[in-house]
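Engineer: Model the following, please.
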Amino acid sequence: MKKRSISGCRVKILMCFLLSFMYFFSYSQSLLGASVTYIDGQYEGEGEGFNGIIKVSLSIKDDYIESIKILSQNETPKYWDKAKVLTDEIIKNQTVEVDAISGATISCNGIKKAVLDALKKAVKENEDKTLVFAGGEGTKNNPYLIKTENQLINFAGSCNENNDYSGQYIKLDNDINITKNDWSPIGGEEYKFNGTFDGDGHYIKGLKKGSYSKSVTITNFGFFRSLDENAVVKNLNLSDIYFNVDGNSMVSVGGITAYTEKSYKEGDVSGALIDNCSVTGTIKLSSNTGNNFVGGITGMQVKGAVINSYTDVDLYTIVNDGKMRAEVGGIVGSLGMGTIANCYSLGNVTALHDGNDGIAVAGNITAIADGPVINCYACGNVKVRGNISYGGIIAGISDEDGKVYSCRYNKNAKINGSAKNTLGVCHRIEVPDEKNIFLEGGIVEDVTAFSGKNYKEIVSRLNALFSEFPIDISCYISDDYTLKKWKLDEDENVVLSDEKADFLYVLAKPVYVPIDMKDGNWTGRDKNKKSIVSITVKNGEVVKKSIVGEKCGENFEEAFYKARQKANIGDSSDYKKADMTKFDKGKGTKASPYLLHTKEQLSYIAKALNEDESFKDIYFKLTDSITLTGSWLPIGWSIQNEAGEVVASYPFEGHFNGDNYTISMVNIDGSDTRAVSNAGLFGIVKGSDISNIHVKNINIKLQDNIKSHNIGGLVAYATDALVKNCSTEGKMCALSPKSTINIGGLIGYGYKSNVNNCYSDIEIEGDSPLGMVNLGGLYGMEDMLHTVNVSSFGSIYVTASNPRTGGISGQSQNGSHENVVALVDLLDRGFSGAIYGLSINNKNKNVFYKESNLPAIAYPKGEVDGALKKSLNEILKKDFIEFLNEEKDKSDKKELRDWIIDGDKIHPFITFNTQSKTDVKPKPEPTVKKLKKGDTFSYKGATYLITKTDKTVQFKKLNKNNYKSVDIPSSIRIKGTTYKVEEIGAKALKNMTVIKKLTIGENIKIIGDEAFRNCKNLENITIKTTKLTLKCLGKNIFKDLSKDNYKKLIIVVPKNKIKTYKKMFLKKGLNSLAKIKMIKKEGK
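Structural biologist: Model (predicted):
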């Protein structure tokens, strides 16, 4: 089965569609631009506009367009008013090659097509070939001759729908200097050239399109517009060309031709031939969107061959937006199923794509080799930039039909300004055979660098290949043509000679599928389960091999390959059934589960998972708390490859009862590829019951470039699962340039599952500038989850420009939520909602969220039926807890727990088991260091300082300048102890310019020097404490606030302190422009 390439199915399907697309849009070359005679009269024509057919009438007299009338159109009026003036420009310039009107491009193109359609009907066929050629009969022995510039221009215009020169021969009989600024190509999309053009070694100098200061809009461009499948262009030299062009859709540009074309037929790779040609000069192409293909010889080559040719052209293209490709090649921009043989390139190539999803590819022979590139060399520099980019001196990519053989490249050539990591071919789309043993595509063999010292040796090395030529060149060219030998010229440059090469086709040796293997022990098995091969890899080589079952034959080869493949991706799984004697006792049933109490037993569950072992319907029960060490391998894991494909997945399908014990220190740092895609205590669970587990001290931090991350404190990815009576505490973070990131305090990605009686208290951070980010207090992403009696705390920090964040979930759809409380601190960034970032078709009942400036749902923005906003004081009141418990009792769900107040949090009551139930004496957990006076600690984004031994603290500082709303609480609970917050430290919020709203708790007695200095966006301060005195207020509390700041600032204080506090603050530097008001009664 062939792998698909990054550029898609490049030729068999894509090329055909691309060329068809070109065909539709490209006939913009004015017939007036060639020496063609028109018959006087009125002619009608039609062209496709934005809203249908545009119909025009032309009046022609003496080869001159006198008038253009619009007969009918159905364009949008505001665009048509812009477009219709184009007719005046066409008459004025006597050509349709005029710039389209900005904002009405499609309507303008419709007018151009209609005028061209009318002009075709006015063409007077000229049978007198002497007006086009200097002589000849168009036969092989007596070809048509071209001696002058006018004859060449006349020939360009004579290639039309009635004459594509099939079977006819044209020959240059002189060097020609082109004096006119804008060259009109020979033929067009509708008029492909299909004859033989022999330059006879002559030079055509000075072909131009556009100028140094201004580009010209085209669709496809070159000396020829396009070559059909029987065309031959040979012995032609184009010198000092200068093309500066732009396009509005897909564009192909080449020195000899924009592209070559042939219809698809399985196994047939013959087509147009370009032989012994050269091009020097400059080609520039820019476009706003679409695919750009630029080549020194041809922009796009479909089948056929380019042989014995060279270029010294500086090539440049840029695509400004969109999701398409920018491809540049020194010989061919994009090669599809044809071949490039015996060619060299000396110029520099640049491919830039500034679209968010664009691909840029560049190479000095070709950007993408989807056919053989053989016996070539290249010297120039490469510059490439894009969201995805590949640059190589020979080729950017060797694609699924690519075979790059025996090519040489300049070691000192630079890729993006550096010669340190110069590559011949940047990337390969490797396509193995059906047995995964040998490569059929994406081959790169004998591609080596040369330097000044061994430059001359290129001649002998390239000529040596003719004795064992690895492709059958006769498939691409007829017997009339052959390859030429290489030589050194008078200046000792490596060039092509006139001497024909005698070469022998010898089938290329098969190339084994290359596999980079990690050191370790790995096991593979064939799909028929006949052979199991275990290998030991050291320093990337297999040093030991053992076999169970068939020891040779196809099944063995497949198993051996599988083992090496698993060594490549880091898949440590084997094919053994789990050893249940690892556990203390039990039968694995619901009534008699397997018991475990050590970290080794817990980790064995993860390590024992494989293709044949998922612990389906097996029950486990914890009998003691466990503290983990080192990097954790999740229970249920998977591996992604570089393309984002899941290449290994081993879910946990059993059931796990934590019996209210605690699992601590879940550390995942990304060093193990098995723990990256799905990171949590459990990675992937399917059909599992996960209950009565408390996960603490979670520390997950991932930073890489895989396609997707699911991260959950308890479970990374859950499907058809039941999660109940669980809690999580800790920190989780994922940073990636372009990944999809789902992080949830409880579950990263949940699907068709139920969650009851749980809570999470997690600090979450996620960022993916070019990816999708879903972060939630409970779930990152949820689909068809049903949640009852659950609460979330903690904070979510994100720097991505367009994340989805919510107190419950970043994205939620088709689910239900009942008796849920969300108290998560969120930034107002992207789609941030107090409950959901994005919500689709959810049902909510008794969902409560903390009062803030965020909407309940970010998208669609607004409030939610069944959800209410409350202040933290309201939520922490006893009557609210009683309300939740009453509603809980009304629910259809059984075994729902009562709600309790726990410091500044509320959650369903969950038991924490501290008593061991195993005969094996567990190791004592490390004692928690008791905080003392002078100690500092972090809590919810701020640093606190122990000030006294009687459980009081100072709010010392805010850790990050990214909170719009800051609440300095009256008390906090840390490590089982509640501390009163009585002080705000000196400079605690200095320079915190993001803050707009500040709340000061009821126990604050002291505010230190410069506490709020330069908080220049501060608009509201609510002071709940009545304990402030003048002596306890520091200096310069409000310094560096401007008059505009003070005009916006409102300070709300207790009713009985309004006069006292006002005098105090004015004495401490508060400007009288600030407003001081009293706190309103709760509920009003």
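Engineer: so Y259 touches G299, yeah?
Structural biologist: Yes. Proximity of Y259 to G299 meets the contact threshold set by CB atoms under 8 Å, at 5.5 Å. Heads up, the C-betas are built off the backbone N, CA and C, glycines and all.
Engineer: what sits against E229?
Structural biologist: Under the criterion of CB atoms under 8 Å, 6 or more residues apart in numbering, the contact partners of E229 comprise N194, T260, E261, K262, S263, S270, G271, A272, K303, G304.
Engineer: returning to that earlier point: can you check which residues contact both of Y259 and G299?
Structural biologist: N220, S252, F293.
Engineer: and these as JSON lines, adding pLDDT?
Structural biologist: As requested, those are exported to JSON lines (pLDDT from 0 to 100):
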{"residue": "N220", "pLDDT": "90"}
{"residue": "S252", "pLDDT": "94"}
{"residue": "F293", "pLDDT": "95"}
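Engineer: and K1062, how many neighbours?
Structural biologist: Residues near K1062, counting by other CB atoms under 10 Å, number 16.
Engineer: how many neighbours does the residue nearest to it when sequence neighbours are not counted have?
Structural biologist: In this structure, K1062 finds its nearest non-sequential neighbour in I1076, 4.9 Å apart by CB to CB, 6 or more residues apart in numbering. Around I1076 there are 20 other residues, counting by other CB under 10 Å.
Engineer: Dig out what I1076 forms beta bridges with.
Structural biologist: On the basis of DSSP bridges, I1076 takes part in beta bridges with I1051.
Engineer: That one and T1060: what is the separation?
Structural biologist: When distance is defined by CB to CB, to the nearest Å, I1076 is 11 Å away from T1060.
Engineer: try H817
Structural biologist: When distances are taken as CB to CB, H817 and T1060 turn out to be 46 Å apart.
Engineer: The two: which has the busier surroundings?
Structural biologist: Set side by side, H817 and T1060 show unequal neighbour counts under other CB under 10 Å, the larger going to H817 at 29 against 15.
Engineer: strand partners of the helix or strand harbouring that one, parallel vs antiparallel please.
Structural biologist: Per DSSP states H and E: H817 is located in strand 816-822. Partner strands for strand 816-822, per DSSP bridges, with pairing direction: strand 786-798 (parallel), strand 843-850 (parallel).
Engineer: now, of those, which is deepest in the fold?
Structural biologist: Neighbour counts averaged per stretch over the strands paired with strand 816-822 are highest for strand 786-798, at a mean of 25; criterion: mean count of other CB atoms under 10 Å.
Engineer: any idea of the mean pLDDT in that one?
Structural biologist: Here the mean pLDDT over strand 786-798 is 93, rounded to a whole number.
Engineer: how far is it from where the chain is centred?
Structural biologist: When distances are taken as CA atoms, centre = their mean, to the nearest Å, strand 786-798 is centred 29 Å away from the chain's centroid.
Engineer: One more: stretch 591-608?
Structural biologist: The offset between the C-alpha centroid of stretch 591-608 and the centroid of the whole chain comes to 39 Å, using CA atoms, centre = their mean.
Engineer: Quick one: end-to-end length of it, please.
Structural biologist: End-to-end distance for stretch 591-608, by CA to CA, to the nearest Å: 23 Å.
Engineer: counting contacts, what elements does the particular helix or strand that has N885 in it pack onto?
Structural biologist: Under the assignment given by DSSP H and E, the secondary-structure element containing N885 is helix 878-890. Taking 3 or more CB pairs under 8 Å, 6 or more residues apart in numbering; DSSP states H and E as the contact definition, the neighbouring helices and strands of helix 878-890 are strand 816-822, strand 899-902, strand 905-908.
Engineer: one more time with 6 Å
Structural biologist: With contacts defined as 3 or more CB pairs under 6 Å, 6 or more residues apart in numbering; DSSP states H and E, helix 878-890 has these neighbours: strand 816-822, strand 899-902.
Engineer: Show which residues not belonging to it make contact with it.
Structural biologist: Outside of helix 878-890, the residues that reach it under the criterion CB atoms under 6 Å, 6 or more residues apart in numbering are N789, N819, N846, L896, D898, W899.
Engineer: Could you rerun that using 7 Å?
Structural biologist: Residues outside helix 878-890 that contact it (CB atoms under 7 Å, 6 or more residues apart in numbering): N789, N819, N846, E874, L896, D898, W899, I901, I906.
Engineer: Of these - the most surrounded one?
Structural biologist: With neighbours set by other CB under 10 Å, the maximum within those is found at N789, which has 30 neighbours.
Engineer: I'd assumed N754 was in contact with that residue.
Structural biologist: No. At 11.2 Å, N789 does not count as touching N754 under the criterion of CB atoms under 7 Å.
Engineer: Report the rounded mean pLDDT for stretch 234-247.
Structural biologist: When the per-residue pLDDT values of stretch 234-247 are averaged, the result is 96.
Engineer: Can you show me the CA trace of it as PDB?
Structural biologist: In PDB, the C-alpha atoms belonging to stretch 234-247 read as follows (Å, rounded to 0.1, in the frame of the first residue of the first chain):
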ATOM      1  CA  LYS A 234      15.900  21.300 -29.200                       C
ATOM      2  CA  ASN A 235      19.200  23.200 -29.700                       C
ATOM      3  CA  LEU A 236      17.600  26.500 -28.500                       C
ATOM      4  CA  ASN A 237      19.400  29.100 -26.400                       C
ATOM      5  CA  LEU A 238      17.500  31.900 -24.700                       C
ATOM      6  CA  SER A 239      19.700  34.500 -23.200                       C
ATOM      7  CA  ASP A 240      19.100  37.600 -21.000                       C
ATOM      8  CA  ILE A 241      15.400  36.800 -20.400                       C
ATOM      9  CA  TYR A 242      13.600  38.900 -17.900                       C
ATOM     10  CA  PHE A 243      10.100  37.900 -16.700                       C
ATOM     11  CA  ASN A 244       8.500  39.900 -13.900                       C
ATOM     12  CA  VAL A 245       4.900  38.600 -13.700                       C
ATOM     13  CA  ASP A 246       2.100  38.000 -11.200                       C
ATOM     14  CA  GLY A 247      -1.000  36.000 -11.100                       C
END
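Engineer: And the contacts of that stretch?
Structural biologist: With contacts defined as CB under 7 Å, 6+ apart, stretch 234-247 is touched by 197-212, 215-219, 221, 223, 253, 255, 275-287, 290.
Engineer: residue ranges of the helices in the chain, please?
Structural biologist: Assignment of helices within the chain using DSSP state H yields the ranges 16-25, 77-83, 86-93, 105-122, 149-158, 457-464, 554-569, 599-607, 872-875, 878-890, 1043-1048, 1058-1067.
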